[in-house]
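> What follows is a predicted structure for the sequence shown.
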Amino acid sequence: MIKLEKSVWVYIIVLFILTYIFQIIAILGGGEESILFPIFVGLSMFFPGIGAIIYLIKKKEGLKYINWRIGKPIYILCSLVLPAIITILGILFFEKIGWGTNYEYTLTDNKIDDIDISLVFGSEAQSFPFFILNFVVTGIGFSLIHSLLAIGEEIGWRGFLQKKLLEKNSLLKSLVFLGLVWGFWHFPLIINGFNYPEYPIWGAFLLFPVITVFISFFMGWLTLNSKSVWPAVFAHGGLNSVMTLLFEMDFGEHKFEANFIILGIWSIIGLLSYILISNKYKTNDHVTINIES
C-alpha cells in the first residue's frame, strides 16, 4: 500500500482529471493533424509542475523543496549523453539483427553516407567513430532544447512527487508507483494510438506504463544521486527528441516484437539504475530527502 498525505492524493487526482480533459479535447479536436493538438497536449505537460508549485505555496513548504540547484555535474553530463548513446546503440542493434531499418543514414564499410539529419559537425559522409561523436553532441543539443517542454513534468514528477513518495515509502515502491502514475497520466493519448498506433491497447495498458516504470528507476538514479531536478529535465528532453529516432525506425513485420525489445532494453537500464541507488539508499524504509537549495 502506498502511503501519502491526503493532500498529495488530491494533487494526483486533480492532475489526472485536468490532464485527461486537455488530452481528450486534443483528440476530439482533430487529433495529431489539428493545430489544437500540440497546443492542448503541450499545455498539459506543464500541469504536474504548476500543480506542485501551487501545492508547495499553499502548504507553505517553500519552492526550495524542488531542489533547483545544478547538483553534481557528472549526472548532468549523463542525462545529456546517455539518451543519445542508448538511441544509436538501439538503432545499430535492430539493424544488426535485421529487424529494423532507419532512413536517417546508411552504414557501409565503417562509413556513414546519405545522412538525412542535421548534425552539429556536418552531415556529409564521415567515418563511423566520428559519426557517433557527431550524433551524441547533436543529441545533447536536442535534449537541451526539448527540456524546455519537459521541465513542467519533471518539476512535478521527480522534483515533487518522487520526494513525497520517498518520505513515507520504500525506494522500490516509490519509483514503481511514480512510473505507473507517469505512464497512465498519458493514457488518453496512448489508447488513441499516439505512441503505439498499431497496438494502442498493448501500448496503453502494458508497454507504456511498464517502460515508464523502468525509466523512473533511471530518473531516480539521476535525481537522488545529484540531489537536483535538472538531470531528469535534460534526460526527459532527450527521451522526447533524439530517442524518437529509435522508436520511429521501420520495423516492418517485427513491429510488435521490436516494442518488447525496446522495453527489454529499458528494463536492463532501469534495473541497473535501481541496483546502483539501492546500494546507497535503504529499500526497506523511507528515504531521507535533502531539500536544501
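Done, it's in.

> Only C-alpha atoms from now on, for both contacts and neighbour counts.
Will do.

> Poorly predicted segments of the stretch 101-250 of the chain, please.
Counting by pLDDT under 70, the stretch 101-250 of the chain contains no low-confidence range.

> What ranges does it have for its strands?
Listed in chain order, the strands of the stretch 101-250 of the chain (DSSP state E, counting those that start in this stretch) span 106-108, 111-113, 126-127.

> need the longest helix for the protein.
When the chain is parsed with DSSP state H, its longest helix is helix 128-154.

> helices or strands up against that helix?
helix 47-58, helix 73-96, strand 111-113, helix 230-240 (3 or more Cα pairs under 8 Å, 6 or more residues apart in numbering; DSSP states H and E).

> so who does the residue lying closest to residue 164 once chain neighbours are set aside touch?
Nearest non-adjacent residue to residue 164, counting by Cα to Cα, 6 or more residues apart in numbering: residue 4, 7.2 Å away. The contact partners of residue 4, by Cα atoms under 8 Å, 6 or more residues apart in numbering, come to 164-165, 168.

> just to revisit the earlier point, and among the helices and strands packed on helix 128-154, the most buried is which?
helix 230-240 (a mean of 28; mean count of other Cα atoms under 10 Å).

> what's the distance between the residue lying farthest from the centre of the chain and residue 128?
Distance from the C-alpha centroid of the chain, by Cα atoms, centre = their mean, peaks at residue 109 (34.0 Å). From residue 109 across to residue 128, the span is 9 Å (Cα to Cα, to the nearest Å).

> So which residue is dead centre in this structure?
Nearest to the chain centroid, counting by Cα atoms, centre = their mean: residue 236, 4.1 Å.

> so who does the residue nearest to that one when sequence neighbours are not counted touch?
Excluding its sequence neighbours, the residue lying closest to residue 236 (Cα to Cα, 6+ apart) is residue 150, at 5.9 Å. Counting by Cα under 8 Å, 6+ apart, residue 150 touches 45-46, 233-234, 236-237.

> again, only using 10 Å
Residues near residue 150 by Cα atoms under 10 Å, 6 or more residues apart in numbering: 42, 45-46, 49, 143-144, 232-240.

> hmm, back to that, can you classify the residue nearest to residue 164 by secondary structure?
When classified by DSSP: H, G, I helix; E, B strand; the rest coil, residue 4 comes out as coil.

> Quick check: buried residues in stretch 118-135?
119, 123, 126, 128, 131-132, 134-135 (16 or more other Cα atoms under 10 Å).

> Between which two of those residues is the distance greatest?
The largest separation in the buried residues of stretch 118-135, counting by Cα to Cα, is between 119 and 128 at 13.7 Å.

> got any residues that touch both of those two?
The contact sets of residue 119 and residue 128 overlap at residue 134 (Cα under 10 Å, 6+ apart).

> Just to check, residue 31 is in contact with residue 37?
Yes - counting by Cα atoms under 10 Å, residue 31 does reach residue 37; the two are 5.9 Å apart.

> what touches both of those two?
23-25.

> between the residues you listed, which is nearest residue 215?
Using Cα to Cα, the shared contacts of residue 31 and residue 37 come closest to residue 215 at residue 23, 22.4 Å.

> Any buried residues in the strand or helix carrying the closest one, and which?
Per DSSP states H and E: residue 23 is located in helix 6-28. By neighbour count, with 16+ other Cα under 10 Å as the criterion, the buried positions of helix 6-28 are 8, 11-12, 15-16, 19-20, 22-27.

> could I get the helices and strands packed on helix 128-154 as a markdown table with distance to residue 217?
Shown next, in a markdown table, are the helices and strands packed on helix 128-154 (distance: least, Cα to Cα, whole Å):
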| stretch | distance to residue 217 |
| --- | --- |
| helix 47-58 | 19 |
| helix 73-96 | 13 |
| strand 111-113 | 34 |
| helix 230-240 | 11 |
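
> Determine which of the ones you listed shows the lowest mean per-residue pLDDT.
Mean pLDDT across the helices and strands packed on helix 128-154 is lowest at strand 111-113; the value there is a mean of 91.

> same for that strand, what does it pack against?
Contact here means 3 or more Cα pairs under 10 Å, 6 or more residues apart in numbering; DSSP states H and E; on that basis strand 111-113 packs against strand 106-108, strand 126-127, helix 128-154.
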